[in-house]
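# Need a 3D model of the sequence below.
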Amino acid sequence: MVKVKYDPEIISLTRILSVFFFTHDPTTPNRQGNDVGSQYRSSIFYETAEDKENIEKFIEKLEEDEIFDDPLVTQVEKLTMFYVAEDYHSAYYRRNQEKPYCQMVINPKLEKLRENYKDLLK
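Down below sits the predicted model:
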C-alpha cells in the first residue's frame, strides 16, 4: 500500500482542507462538472481519530458559516487502501494541457488555486 503523507510542520491539515474544499464542488454527490459517477464523489480519507475529528469540525464550521449555497456532501472515510492511478492518469494535465477537458475543467481550478493560495505554490 502506498500512503500519501503530509508533514504538519510544513502545512497544517486545516490549510489542506481549505484548498480541498475551495478547488472543487463539495456539494454535488457523485459529480464534478460533467463527470458523473461514484469515483467523482467528494471524499476525504483519514488515518487517525484525531484527523477525523478535525476534518468533521472543519466541515461543521463551513456549514455553520454557510460558505456554500448547497449542503456539503463530502464523505469522511477511514483510509483502508490506496491505489496508485493507472499510468494514463499520472501527470495527465502536464501531458494533455491542450485537450478540452484540461482547458475547461482543470485550468479554472488551477486559476482559482493560484488566485487564492499562491503562498503555497513554488
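# Show me how this protein divides into domains.
Domain assignment for the chain, taken from automatic domain parsing, gives 1-84, 90-122.
# Do a quick rundown of the strands in this protein.
With DSSP state E as the criterion, the chain has strands at 31-32, 35-36, 43-46, 75-78.
# quick one: the first one to chain centroid distance?
Taking the mean of its C-alpha atoms, strand 31-32 sits 12 Å from the chain's own mean (C-alpha atoms, centre = their mean, to the nearest Å).
# who's in contact with that strand?
24, 25, 40, 42, 105 (C-beta atoms under 8 Å, 6 or more residues apart in numbering). All C-beta atoms are positioned from the backbone trio N, CA, C, and that covers glycine.
# partners of it in the sheet?
Sheet partners assigned to strand 31-32 using DSSP bridges are listed as strand 35-36 (antiparallel).
# again, but for the third one
In its sheet, strand 43-46 lies beside strand 75-78 (parallel), with partners assigned from DSSP bridges.
# Give me the most central residue, the chain.
By C-alpha atoms, centre = their mean, the chain has its centre lying nearest to residue 20, at 3.7 Å.
# In terms of pLDDT, where does it sit?
Note for residue 20: predicted pLDDT of 92.
# what sits up against stretch 61-73?
For stretch 61-73, the surrounding residues in contact (C-beta under 8 Å, 6+ apart) are 21, 26, 27, 28, 29, 41, 42, 59.
# ok, those residues vs residue 99, which is closest?
Nearest to residue 99 among the contacts of stretch 61-73: residue 28, at 22.6 Å, using C-beta to C-beta.
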